[in-house]
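J.: No sequence on hand, only this structure:
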């Protein structure tokens, strides 16, 4: 099914459909620390060298060996007519010619098979001129956000706030995190009690704590109800009954011992049960619980926003726990975008061989299958000054960069196709996010708005572009780009209410490279 889509539609436009082969599946392991960095006999699309095939080596003048006319061989990085595009490993130079040290001998004849030559192996020394570990560190230190999108929230903010404050305290990111939360909640209880006493309502409510009602049901020996759920008023002033209510109040306050911590500060010697009544009254007031939950939500986000970037230095165990806590707190949760040293991806026998991908195998290359739009955009990027490397951003991986967007009232995750890493004029790494996308899809406007909001929240990102095919002034089909990192573009995208208006923004603000 995937092949059918890609052959009819996906051959010319991007597709997010990923097939799964039943039976035995093969995965490739890619890393930023390849054991060997200079591959040999690597040809475009992974083709093996065949007898009689022309390569760069055959163009070098050798004594007593006949060579073919160099003009018959495409320059490195340029495919022969009718052939698949060559593997792009570095930014190609315009009007590439033969190296100056290659002498062009007179044409001679060689007994080689009558077939168009395949593209020669890339010159790996240039492609390996960047430090993969240094690039990965720059990405991880950039503080870019990625988002976990859940269909439902599985926890509450009070629970998440306690968990986050525990983690920050234990990891020493913010040693006083937990004590700060406890102090704030204890203060909320105390302020409420003070307000009750000021309004002269405390004594009346405290008396009601000692007089509680139980909804009981009386059964006969056969299990039949005999009093139709009658309400029975039970009066008690025993410590056991008070402790039961106190435990219930503690549960509503997060089961973190808040009541006892309140008692440590405000217990009175002549009224040892007074602090328990205070806690019970606070937990029984719906407005107090609502205020507590609002505090928990606001403080959870505030604390996470303040200390989120410091979590990149945590151990893997702490980072895993942190991600779990943040995910539980919200339907859409923010996380730091960080890359591991090693990833796995499903093996693609038909993929193009790249040596400028950030993650590679031990030969220094990665075989990755892209559709024609994706290949074209990537080739344009590799031709630009400052280009360093790129990263395929697959969907739904634990490390993938995800951007939330809205479609039909639901929040969904988007996984932009590429991260492109380049150097700016002063030599710093810049991270760009690129998404070639078919304009006929129903998610275009939602993704454009999602990307615009992501660009607003992540000023450290370079370009963040939605890309589609368009015609230039000469009528040629080329890739037209809309860059959400530009404030004027973001404003227009946010105001667009349908795909037609988004198309107009492409017309006015889109550009060709």
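T.: That came in fine, so what should we check first? These numbers were taken from a predicted model, which means no experiment stands behind them. Residues are numbered from 1 along each chain as shown.

J.: Regarding the spatially closest residue to residue 175 that is not a sequence neighbour, what is its secondary structure?
T.: Counting by C-beta to C-beta, 6 or more residues apart in numbering, residue 175 lies nearest to residue 169, which is 5.6 Å off, once chain neighbours are set aside. From N, CA and C alone the C-beta is placed, and that goes for glycine too. At residue 169, secondary structure determined by DSSP: H, G, I helix; E, B strand; the rest coil is helix.

J.: ok, now which ones touch residue 169?
T.: 175-179 (C-beta atoms under 8 Å, 6 or more residues apart in numbering).

J.: got the contact list for stretch 268-275?
T.: By C-beta under 8 Å, 6+ apart, stretch 268-275 touches 239, 242, 259, 262-263, 266-267.

J.: 7 Å instead?
T.: Contacts of stretch 268-275 with the rest of the structure, by C-beta atoms under 7 Å, 6 or more residues apart in numbering, involve 242, 262-263, 266-267.

J.: In ChimeraX, how would I select the buried members of those residues?
T.: Selecting only the buried entries of these in ChimeraX, with 16 or more other C-beta atoms under 10 Å as the criterion:
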select :242,262,263
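
J.: of all the contacts of stretch 268-275, which comes closest to residue 384?
T.: Nearest to residue 384, judged by C-beta to C-beta, of those is residue 262 at 61.9 Å.

J.: Just to check, that closest one is in contact with residue 188?
T.: No. Judged on C-beta atoms under 7 Å, residue 262 makes no contact with residue 188 at a distance of 9.8 Å.

J.: A strand includes residue 401, no?
T.: No. Applying three-state DSSP, one finds residue 401 to be coil, outside a strand.

J.: For residue 274, the count of nearby residues, please.
T.: 15 (other C-beta atoms under 10 Å).

J.: Ok, residue 130 next?
T.: Here the number of neighbours of residue 130 (other C-beta under 10 Å) works out to 17.

J.: Which helix or which strand is home to it?
T.: Residue 130 belongs to no helix or strand when assigned by DSSP states H and E.

J.: shouldn't it be in contact with residue 386?
T.: No. Counting by C-beta under 7 Å, residue 130 stays clear of residue 386, with 11.3 Å between them.

J.: What separation is there between residue 334 and residue 462?
T.: 20 Å (C-beta to C-beta, to the nearest Å).

J.: So residue 194 belongs to a helix, correct?
T.: Yes. Remark: residue 194 belongs to a helix, assigned using three-state DSSP.

J.: How about the contacts made by residue 159?
T.: Neighbours of residue 159 in contact, by C-beta under 7 Å, 6+ apart: residue 254.

J.: In a helix, it, correct?
T.: Yes. With three-state DSSP as the criterion, residue 159 is part of a helix.

J.: and the residue nearest to residue 175, how far is that from residue 474?
T.: Counting by C-beta to C-beta, the gap from residue 169 to residue 474 is 63 Å.

J.: Residue 426 too?
T.: 35 Å.

J.: How about residue 386?
T.: 27 Å.

J.: more crowded one of these two?
T.: Taking neighbours as other C-beta under 10 Å, residue 386 and residue 474 compare with residue 386 leading, 13 against 6.

J.: In this protein, which residue is most central in space?
T.: With distances taken as C-alpha atoms, centre = their mean, the residue of the chain nearest its centroid is residue 401 (2.4 Å).

J.: Report the contact partners of that one.
T.: 146, 337, 393, 416, 419.

J.: Among those, which lie within helices?
T.: Among these, no member is found in helices (DSSP state H).

J.: Reformat those as a markdown table; add neighbour count.
T.: Formatted as a markdown table, the contacts of residue 401 follow (neighbours: other C-beta atoms under 10 Å):
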| residue | neighbour count |
| --- | --- |
| 146 | 21 |
| 337 | 22 |
| 393 | 20 |
| 416 | 23 |
| 419 | 22 |
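
J.: Dump those residues into CSV; add distance to residue 296 and pLDDT as well.
T.: Below are the contacts of residue 401 laid out as CSV (distance: C-beta to C-beta, whole Å; pLDDT from 0 to 100):
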residue, distance to residue 296, pLDDT
146, 24, 92
337, 26, 92
393, 33, 96
416, 33, 96
419, 35, 97
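
J.: check which helix or strand covers residue 283.
T.: Residue 283 belongs to helix 274-284, assigned by DSSP H and E.

J.: what's the next helix-or-strand element following that helix in contact with?
T.: Per DSSP H and E, the first helix or strand lying C-terminal to helix 274-284 is helix 286-307. The contact list for helix 286-307 (C-beta under 7 Å, 6+ apart) reads 157-158, 160-161, 164-165, 168, 173-174, 177, 181, 184-185, 188, 192, 252, 282-283, 326, 329.

J.: For helix 286-307, what does the pLDDT average out to?
T.: Confidence for helix 286-307, expressed as mean pLDDT, is 91.

J.: Likewise for stretch 486-504?
T.: On average, stretch 486-504 scores 95.

J.: Let's see the pLDDT reported for the nearest residue to residue 354 once chain neighbours are set aside.
T.: Residue nearest to residue 354 in three dimensions, not counting chain neighbours: residue 366, with 5.3 Å by C-beta to C-beta, 6+ apart. Note on residue 366: pLDDT of 94.

J.: tally of neighbours for residue 366?
T.: Residues near residue 366, counting by other C-beta under 10 Å: 25.
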